[in-house]
Structure formats: C-alpha cells, structure tokens
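Visitor: Predicted model follows, preceded by the sequence.
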Amino acid sequence: MATKWLVIGLILLVSAGAQENKKNATAKSQVISARTDQTGQHPGTAAISGPAKITCTSANSNTQNPQPKPSCFVQAPGFTGNLNVSQSAGASGAGTVILNCNGQGDVLTCSARID
C-alpha cells in the first residue's frame, strides 16, 4: 500500500515539473526595435525557432499628429504586413522576423514583442 502512494506521489511530482517546464518555455519573449531616419532604414531582426506571436508595441514619428499613424511593418515566416500598435500576427514557423517602421516623418521608431 505504501508503494502505491509512493508511485502516485512520484507521478504527481513529475507531472508538476513538466507543467512548470512548459510554462517557463512559453514565457520567453523577445523585443526588437527599428528606426528610420535621414540615413535610411535600420531594421530590427530576431531569429525564431517555431511559430510565434508578434505584437507591435510602439510606433512613433517626430512629426506631430502624422496621418496615418506610424505602424510596424513585419516580415516573418507566413506573414508580411503592417501592424498598428497593439495589433498582433502569427509567424508560422522557424526563421527570421524583420521589423521596419512605417509612416510619415524624418525619424520613426518602433518596437515589437515576439512571444
């Protein structure tokens, strides 16, 4: 009977450890930043090892009230396009994420988070 409870305890312990490892693996995120100025575009890049969520976290211009508002231009496996601040898109697999800033102004800055 004691052996049965020992086995059950070990199973629960291993299961809890596996859940914690899974949680830690998904908690890793990267932030990339880009800039566009008089000298050209200075993209941000990041390597991803599989599917990922990409979220535009900021996009700013030195022009007051630019129209349209600045955005993040993202190229990733399975997705290419503009993301407004707080918008997300999914990358379909491993590869490189490239971020450029899109909008009006002499200086644009933007950033994106990859989860």
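Guide: Yep, that arrived.
Visitor: When you work out contacts or count neighbours from here on, use the C-alpha atoms and nothing else.
Guide: Will do.
Visitor: And the host helix or strand of Ala46, what's buried?
Guide: In the assignment (DSSP states H and E), Ala46 maps to strand 44-48. Buried residues in strand 44-48, defined by neighbour count with 16 or more other C-alpha atoms under 10 Å: 44-45, 48.
Visitor: So what's the gap between that strand and the chain middle?
Guide: 9 Å (C-alpha atoms, centre = their mean, to the nearest Å).
Visitor: Sheet-wise, list the partners of the helix or strand following that strand with their directions.
Guide: Using DSSP H and E, the helix or strand that follows strand 44-48 in sequence is strand 52-61. Its sheet considered, strand 52-61 pairs with strand 88-91 (antiparallel), strand 108-114 (antiparallel) by DSSP bridges.
Visitor: Comparing those strands, which comes out most buried?
Guide: The highest mean neighbour count among the strands paired with strand 52-61, using mean count of other C-alpha atoms under 10 Å, belongs to strand 108-114: a mean of 23.
Visitor: follow-up on the earlier one: what's the closest of the buried residues of strand 44-48 to Ser111?
Guide: Distance to Ser111 across the buried residues of strand 44-48 (C-alpha to C-alpha) is lowest for Gly44, with 8.2 Å.
Visitor: Return the set of residues that bridge with the closest one.
Guide: Beta bridges link Gly44 to Leu99 when assigned by DSSP bridges.
Visitor: shouldn't it be in contact with Asn100?
Guide: Yes - Gly44 is within contact range of Asn100, at 6.8 Å (criterion: C-alpha atoms under 8 Å).
Visitor: For this structure, which segments count as strands?
Guide: Ranges of strands within the chain are 30-37, 40-42, 44-48, 52-61, 71-76, 79-83, 88-91, 95-102, 108-114, based on DSSP state E.
Visitor: Give me the average confidence score over the shortest one.
Guide: Put plainly, it is strand 40-42. Strand 40-42 carries an average pLDDT of 96.
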